[in-house]
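Q: A structural model of the following input is requested.
(3 chains)
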Amino acid sequence: MNKKKWFTTALSFVIATVLLAGCGDNKDAQGNDPQASAGKAVKLKLWGAVPVEAGPQAVVDAWNEANPDIEVEYIRYVNDDAGNLKLDTALMTGQDADLYINYTLTRLQKRVDAGVALDLASTGYDIDAQMGPDAAQWKINDKYYGLPTKKNMAFIWLNKKMLDEAGLPVPALDWTWSDLKEYAAKLKKDNVYGLLQHEASFTATIDGTIAGLGVTKADGTSNFDNDLWKQQFTMLHDMMFVDKSTPEYGEQLTSKMPVDTMFLKGEAAMLSAGEFIFRNANNLTEFPHDFQIAFATIPQVTADQKDYKYSGGLGDVLSVNAKSKNQEAAWKFAQWYADGGMLPMASGGRIPSSKSVDNKQAMDLLLKGVEDKYDVDSMNKVVFGQFESFQLSVPQQVLDARKEEYEKYFLNKQDIDATLASMAKRHNDLIKN
Amino acid sequence: MKRRSWIQKQGWIGYAFIMPNMLGILLFFIIPALFSFGLMFTDYQFANPNVSFTGLDNIERLFQDEQFYSAVRHTGIFLLSVPISLVIAFIVALVLNRSVYLKGLLRGMFFLPYISSGVAVAFVWMLLFQPSHGPINEVLRWIGIATPPGWFADSDTAMYAIDVVQIWFMLGYNMIIYLAALQEISAEQLEAARIDGASARTVTWKIVWPLVSPTTFLLLITGLIMTMKSFSLIQAITQGGPSGSTTILSLFVYKTAFSYYEMGYASAISWFLFAVILIITIIQWIGQKRWVHY
Amino acid sequence: MNDSAGKIKLPTTILMIVAGVFMILPFLWMISTSFQSPSEVFSKWLPSKLDWSSHERIWTGSYNFVPYYLNSVKISVISTIGAVFLSALAAYGFARIEFKGRDAMFLVYLSMMMIPPQVIFVPKFIMFNWMHIYNTHWALILPGMFSIFGVFMLRQFFMSVPKEITESAFLDGAGHFKIFFRLVLPLAKPALATFAIIDFSWHWNDYENALVFLTSPELYTIPLGLQNFILENNVDYNGMMAASSAAIIPMILIFLIGQKYIIQGISSSAVKG
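A: A predicted model of the protein is given here:
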């Protein structure tokens, strides 16, 4: 009897597998094949890294309402290695991604090499005129393979109340790291850091410096051992270990500090971060705060530094997949998106770059109801000011190697000269490869 | 003589048992593996249609790459977790097999880390190990260690902290397989030894340990292989940092393939990894005759 | 051993519970975090007041985990059933039947376990695209039904089934299929249940394959759903911890069910002797 039971069990396993697999198949077939229902409406897939509820859903809904013949679906990918790999794989199939947004020049470059970014010259859309002079930073081989749709911004967020208490004015636009260091030391209190840096802004100054100096020297070797970097690193190191006005590197690394939350809770007087902080800063229910926020530029290293460039320029570069079967429809959407369709995302800090969009309208969306939480003067100068910007085009390997080396310095495993020397050496090794 | 001929006659039936599985392995493992073997001799960049044959360049580059050597060192430290976890798991399995109350609950507690998706939970370890106010260092300070290690904040100790997490993670896996193996030992075998007057320790190490040796062999080999290949825990906790101190070979492959898209070079590293594991496995395979009793 | 075991049973239990609590400490932290409000994440052990909003969020609105659950269940169940059956079959072949090239073939099997999955993903993608199973659940289920580990593990267990049992069945005229289904499988219940639990947990938690091979959100599994909580420049830890807590529950159920069979094995192997 035991034997029989086991035979039946095994048999029912097989049957169950076949049945389950069978019904699963039907479900897939319905859910998947976009070509099956073609003829009625063109279906497009748009890939972006912004979470669905932070604007994209509203954008796509508005489009679908107005354009019943072209249906757009938004697919969110996480802008990390794995997420980009997922996108690049989907791009190769030609049918799983028609439009996509790039966030770095190096990723766009790879997609151009892979032949999945459409050259936009044929569209007749004048990107230079429409998006302004900063757009040209996104040219690859002197061609546009994507529409830079938004203004990128990075700056120092200041707790105006703490500044006032310490008797410090809102800093000038051309302030330096020694000024910042001084500010941080004066602003620091028990349980209040002088300065916090978001991971994304940690290298803003050294990147802006190398963008002006040139990544390589005239002879083609690495410029990573330049003196300005040395000064900036040393000052930051002092702030961590001498002034103790900013968290030690290891501390910040291991406590998963939510820097924006800390700043809004008044646990830091200054925060170096991008425009994405607006989303939480404007959310007074979850992040209540009683102080005004003022703004300063990300400081240059020295007062006499030439050619310092500011993090910013344009971003969110929308490309059309050159393997897509619906390129015309995709382009139609892309143009609409850039010329105002993206406005619902402005409340999260994404200010459109196209001159077809009324800047006033975007700013209203951004600051509606919270105008009194910001220092208007510095906001106009810094957030809406014009600065010379750059897009970094350094391979990921080089950035990773650089990070490994400066981490050794900030973890006190290597002195500053050895750090700069090995950064340059590893950079040179990678240039050769 | 009679038995042998019977086996030869029935030889085909062996293939019949293996065939369904073999087909799948061929399709989903062996063919892709051969493909990647070929990639090793090219400069293939993922998604990029321009590929050229580069001969042994990738292999040469491998042996000149300092990052590769440090990844090998870190992998060595990482593998320490395999035997440690194995021995702890054996003891835990023995205890949980008989001499406790609440067996089901306790087994569940020890197994939970393995069945949970390590990723979301793993980075809680970062906070547990946090140097200045994390609970682990607070306990260490409380028992009198004035300057406890920096763990993940220190490139000298980060790899060992990863080992702790890996042991924690693999313990349940080793334990449950040991538990299954212990079920196959009949009560009579143990009873006989006990009547002969053997102590509990003698029974454990002289009788039970040899009886579960096929399982130990299995766990050692699969443990080494899985540990060599695993990177998602490290990716979730440290992403290979600080300053590259937790970048093990498999993470190095991951970065090279998925972050830098250098599939050719990644294949070369993988096949090196493959060769190392294969050699270790063959040594164990030959060595098993000395200590594995079927 | 019986006498001493009785005396030390209570202290041992207490010791093991302490160790067990240490094992689940990260989970306790995870659950605690899921009930905290966004502004107090990671700042304390216990939430100042129970905030259910993260748990509500994952079952309603844009973070709806119900479809992810159903997809995960479907993929994990089918793959595990297939893997247990196919692995047991092959494991018996390797453990109990002698045929030409058996050991060499087994080593090839084992060696395939050693290939890092990152480098075979490109050929797999090309193959799946060609087979038209890219972006379908089949891309996870089909390869999921073939487990090298399962073959290896079950082979080790089948080999420790006493040879006398199978040999006496031969003499009674039973064929290999009969012996496999009626003798070996029942005896190997603990091993089968163990493998099923482990294999299920691999499918349940599989992130890499799902990430690369599924692109339509309606096909997503739980590990992909968890990615929703990684925002652009920060992480929604409360939501992630709430969803992760909920994701473990089915695994715990599977473990509890499977465990019954592991313990059941004690009686069946006692009978065999």
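Q: Can you name the residues that contact residue 263?
A: Just so you know, I chose chain A. Residues in contact with residue A:263 (CB atoms under 8 Å, 6 or more residues apart in numbering or on different chains) are A:157, A:159, A:196, A:271, A:277. Bear in mind the C-beta positions are built from the backbone N, C-alpha and C, glycine included.
Q: was after chain B, sorry
A: B:39, B:44-46, B:257, C:119, C:122.
Q: In terms of helices and strands, where is residue A:270?
A: strand A:268-274 (DSSP states H and E).
Q: What number of residues are in the vicinity of residue C:249?
A: 10 (other CB atoms under 10 Å in any protein chain shown).
Q: Please disregard the earlier target; I meant residue B:187.
A: 11.
Q: From residue A:301, how far off is it?
A: Counting by CB to CB, to the nearest Å, the gap from residue B:187 to residue A:301 is 76 Å.
Q: before we move on, what about residue C:52?
A: 49 Å.
Q: between those two, which one's more packed in?
A: A direct count of neighbours by other CB under 10 Å for residue C:52 and residue A:301 places residue A:301 higher, at 23 against 10.
Q: low pLDDT regions in the stretch 1-150 of chain A?
A: A:1-40 (pLDDT under 70).
Q: would residue A:218 count as being in a strand?
A: No: judged by DSSP: H, G, I helix; E, B strand; the rest coil, residue A:218 forms no part of a strand; its state is coil.
Q: can you pull the contacts of the residue in the stretch 51-200 of chain B that chain A sits nearest to?
A: Per CB to the nearest CB, residue B:153 is where the stretch 51-200 of chain B lies closest to chain A, at 2.9 Å. With contact set as CB under 8 Å, 6+ apart, residue B:153 has these partners: A:249-251, A:253-254, A:411, B:130-131, B:242.
Q: So which residues of the chain form strands?
A: You didn't say which chain, so I picked chain A. For chain A, the strands defined by DSSP state E cover A:42-48, A:70-76, A:99-102, A:147-151, A:154-159, A:193-197, A:268-274, A:293-296, A:310-311, A:314-320, A:389-390.
Q: could the ones you listed go into TSV alongside mean neighbour count and distance to residue C:36?
A: As requested, the strands of chain A are arranged in TSV below (neighbours: other CB atoms under 10 Å in any protein chain shown; distance: least, CB to CB, whole Å):
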stretch	mean neighbour count	distance to residue C:36
strand A:42-48	23	30
strand A:70-76	19	25
strand A:99-102	27	33
strand A:147-151	26	33
strand A:154-159	24	24
strand A:193-197	24	21
strand A:268-274	25	21
strand A:293-296	23	25
strand A:310-311	25	33
strand A:314-320	24	32
strand A:389-390	20	39
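Q: measure the residue in chain A positioned nearest to chain B to residue B:168 for me?
A: Taking CB to the nearest CB, chain B has its nearest neighbour within chain A at residue A:250, 2.9 Å off. Using CB to CB, residue A:250 is found at 22 Å from residue B:168.
Q: Confidence-wise, which helix or strand of chain C is lowest on average?
A: helix C:237-272 (a mean of 75; mean pLDDT, DSSP states H and E).
Q: shaky segments in the stretch 1-150 of chain C?
A: C:1-6, C:62.
Q: near chain A, which residues of it?
A: Contacts of the stretch 1-150 of chain C with chain A, taken as CB under 8 Å from any CB of the partner chain, map to C:37-39, C:41-42, C:61-62, C:74, C:77-78, C:81-82, C:84-85, C:125, C:129, C:134-138, C:141.
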